[in-house]
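*Asks:* Next come a sequence and a model predicted from it.
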Amino acid sequence: MATAMTTTMPRQSRSFNASKPPTSALPALPTSLNTKPSINTLRRTSLLPTNSPGRSLSGSFGRPSSIISPTSPIEPKRAVSISTSSFPQPPKGGNRVASLPPPSPSAFPKNTSGFPSSPLASPTRKSNRDSILTPMAASTKNPLSSRVSRDSMRDSGVGFLNSPSAGPGDFPSSPTRSRSSSAQDSYSTDPTTVDMSGGFDLDAPRGRTEERDGGDEKEMKGNVIVSVRVRPDGPEEQMSQEWVVDGRYSQVGYRGKDGGTFEYDNVFTPSSNNAQVYESCAKRLVRRVMEGYHGTVFAYGMTGTGKTFSMQGTTASPGVIPLAVTDIFSYIRETPHREFLLRVSYLEIYNERIHDLLASQPGATGFVPLDQQTKGEEIKLREDPKRGVYATPLKEEIVQSPTQLLKVIARGDLCRKVSSTQFNSRSSRSHAVVQIVVESRDRVAGQNSGSLAENRRGGMNGGVRVSTLSLIDLAGSERAAESKERRTEGAHINKSLLTLGSIIARLAKDAEKAKDDGSHLPYRDSKLTRLLQPALAGNSLISILCTVSVPLATASGAAHLTNIGETMNTLKFAARAKNNIRSHAKKGDDAINGADPASRALLERYRAEIAELRRELEAQRKKDEVDTAREFAKELAIEHSLMEERDQERHSEQLLEMQLARTALKERIEHLNRLIICSKSSGVNSPRSSMIALPAGGHLSMLSMRSSAPLNMVRHSSSSSLNTSEQDEMENGEFGEDGNATMSAQIRSLQADLGDKNRYIATLERRLLQARRSSQPRTAFDRSPHRMTVSGGEQVVAEGRVELLLKEKDDEIAELRARLDDKERMVSALRSAARKRDVADVVVRRSSCISEEGSPVGKRGSSRSSKGLLLGTMEEEVGEEREDLF
Ligand SMILES: Nc1ncnc2c1ncn2[C@@H]1O[C@H](COP(=O)(O)OP(=O)(O)OP(=O)(O)O)[C@@H](O)[C@H]1O
């Protein structure tokens, strides 16, 4: 199976067609041989009661008697090359364990193993386990050891994989602190690595000094978990009786030719489900990765044996990858004092080329036939002292939720090379590597409530911890292929798997040579081993899941032999891996702030970037505030100046109006004063005051022509209002002998009056012009968008006022012009009157001279009468002209 998650297209079980035997070489066998466990053990095993009512004892094929039959003792024909230390003898003592009833969870004290349990371990499960282990620990060969031997568990008759609590298809919900962490139960397989019950229990305190070295060795082995999963290859009843699969003792045995019995950390029977596999193989490792260790889980096995099924699973039974993803986020939820950044990459090694599955374009329909798949950019492997071996350039996606992470992986799955093989209609033709990089650091440095040691380990200096979880679904080995393409693929696959096998085989030897750095091992012979180098070299916790398929009883001939050979090879590979790989995985050092930017963790870089952006934002905000304040002040100033301008304009208008009014008043006063002068000078109190009198000297007593006031008004004006300038004029001889103003004085006065009027009109015109000029920009300004705050009504009123003012001024100017015309007419009338008077005076003077020469008396009388007559005529004329004027 090879497509994403196999959730959409679950496949049916299918039979092997092993008609063609394997052609390529098998991985090298380990050197030492041993036969373990004894058949007696297997016999005992078969008699053990199951914990699950109704389930078969072996839990494997439903017919335990057919598998491990007490009446048909199994005698392995050949010992398998597993060392004694690795696969210790099963406990002696017959069926003492078989008779043990399932223990009560409360019967024993908790956690007597002496190791701190995982913080996420279920108290219930833990208690259950410990309650079983405690009495058995007392019966172990090494009573000093506080650690619990796997034999104890075995004797207890409790095998996790057969636990009734986890039936097929169970899907554990998101793990929580209170959830079962029974995975650790399954890790215990080897009595020599007695701490295996706490596989990956890296924080356990060391034992006594003399035990330390041995303890380290055990710990390194404990960091490697090897499990075998047997897939159903048909109805369980039809399974070959030559095979023994015992989940509780974690054993797989073959009683046929070249057979043997193998023991691992976990053996999953065909009835085991994916949840159980995850719990035992990967759960704890995933947790350790979250704590800062590198972890690698890979599935190894022949094509069609269930590697992809175990890693990806189905909707009903999610595999290691989705369950790990769920656990990762559960851990994050449960660790509020730390912040995390997850990035995921997904690559495949196909025909010794690395492809970035996240950079590739999957087909729209999901499954993409091999020949239609586009190849992404080839990825190269590089080595860095700090990062180890890594692929580049590789797309990494930052993910924030399980759904997002699973979607990214599913997208990559769609791009995987998948095709039909002899044993698998949708066989993965590539090694697929999902890498989840976990970066974490304390949210607030120095505020962890944990112990000092924990704080130190947890990086309380605020640095970033980086760890990687690699989840690898290897391509299945295929011994025979029909098409050339399949053969090419198969050759590459087999070569890389063989390299992997041979490296693992040589690891033990190298480990014996102290301080061997493993640099001479052929890691570079394949991309797969090169990529796995850091893990195989011991920098990572490792969990290897080997999948095998046990043939049916009816199987025979070449297919049967092929299948047996493949299964045995896988079992041997698993055994070697368990024996040889030493992991000295250490929690990654926290990257200290301020490290080389290029090598800094993304979380650190992001944090730095966020801090930088925050600083920029703050600076920008401050600048914005200052700018806004400045802008506001500017606007205020503009507003203010506009208001001032408007006030000034209004003020100047008011001033103008006042000036005009004052000028008009002054004019009026002057005019009235002149009138008063005239009435006084015409002799208001004289008997002739009731008439317009001509002065005795013949001068016309004139009213001031600067007024249009009615004559009677003038006559009743008070003399007290005479102004000083006119008094001066009188005193300076501007007036005639009869006190009347001389004609020339009146003309001068009128001219002065005229000059005043002209100046006044000029002033008015100038003001009018100014008012027009200032009203235009103001109107434009009022209409500008900037001034939209002024309401339309105000604007109309303002415009109306200006119009009114202008009209008033225009009217005033017109009236003044009319008055000016009147004055001019008056002046010309007075001038003509003055001329006539002069003429009359001359005539009168001449006639009086003549009459004085003839008869002085009679002549004087007649001249007087003619003079009076002439004067009367003249006065009449002047009166007429006056009437014309007024
Ligand atoms: N434990 C199991 N229970 C039920 N079905 C299984 C189990 N293991 C495998 N299968 C089924 O067997 C078929 C082949 O499995 P899968 O594709 O996982 O094999 P594989 O090892 O990945 O093969 P390849 O190496 O060719 O990709 C699938 O249809 C899968 O559903």
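*Replies:* Yep, that arrived.
*Asks:* Please make it C-alpha for all contacts and neighbour counts, starting now.
*Replies:* OK.
*Asks:* Please spell out the segments of the stretch 601-750 of the chain that come in under the pLDDT threshold.
*Replies:* Filtered on pLDDT under 70, the stretch 601-750 of the chain yields the residue ranges 601-605, 675-742.
*Asks:* Which parts of it are helices?
*Replies:* 602-681, 711-715, 724-731, 743-783 (DSSP state H, counting those that start in this stretch).
*Asks:* who wins for proximity to Ser549 among those helices?
*Replies:* helix 602-681 (42.8 Å; CA to CA).
*Asks:* Neighbours of Pro235, how many?
*Replies:* A count of nearby residues for Pro235, using other CA atoms under 10 Å, gives 10.
*Asks:* Actually, Ile409.
*Replies:* Neighbours around Ile409, by other CA under 10 Å: 23.
*Asks:* roughly how far apart are the closest residue in space to Arg831 that isn't next to it in sequence and Val827?
*Replies:* Leaving aside its sequence neighbours, Arg831 sits nearest to Ile747 (CA to CA, 6 or more residues apart in numbering; 7.8 Å). Distance of Ile747 to Val827, computed by CA to CA, to the nearest Å: 7 Å.
*Asks:* Neighbours of whichever residue of the stretch 151-300 of the chain sits closest to the ligand, how many?
*Replies:* For the stretch 151-300 of the chain and the ligand, the shortest gap (CA to the nearest ligand atom) falls at Arg231, measuring 4.3 Å. When neighbours are counted by other CA under 10 Å, Arg231 registers 24.
*Asks:* same thing with Leu561?
*Replies:* If you count neighbours by other CA under 10 Å, Leu561 ends up with 18.
*Asks:* ok, now Lys407?
*Replies:* 15.
*Asks:* Could you do the one 10 residues further on as well?
*Replies:* Residues contacting Lys417 under the criterion other CA under 10 Å number 29.
*Asks:* Assess the claim that it and Leu474 are in contact.
*Replies:* No - in this structure, Lys417 is not within contact of Leu474 by CA atoms under 8 Å, at 12.0 Å.
*Asks:* Between these two, which contacts overlap?
*Replies:* Both Lys417 and Leu474 are contacted by Ser428, Ser430, under the criterion CA atoms under 8 Å, 6 or more residues apart in numbering.
*Asks:* Can you give me the domain boundaries for this protein?
*Replies:* 4-23+225-580, 614-885 (automatic domain parsing).
*Asks:* looking at these, which one has the lowest mean pLDDT?
*Replies:* Lowest mean pLDDT of the domains of the chain: domain 614-885, a mean of 67.
*Asks:* ok, Pro393 - contacts?
*Replies:* Ile379, Lys380.
*Asks:* Just want the phi and psi numbers for it.
*Replies:* In terms of degrees, to the nearest 10, the main-chain angles of Pro393 are phi -80, psi 140.
*Asks:* what sits against the residue nearest to Arg831?
*Replies:* Val827, Leu830, Arg831.
*Asks:* any idea which of those is closest to the ligand?
*Replies:* Val827 (128.7 Å).
*Asks:* from what I can see the closest one touches Arg748, true?
*Replies:* No - contact criterion CA under 8 Å: Val827 and Arg748 do not qualify, at 9.8 Å.
*Asks:* which one of these two has more residues nearby?
*Replies:* Val827 (21 against 13).
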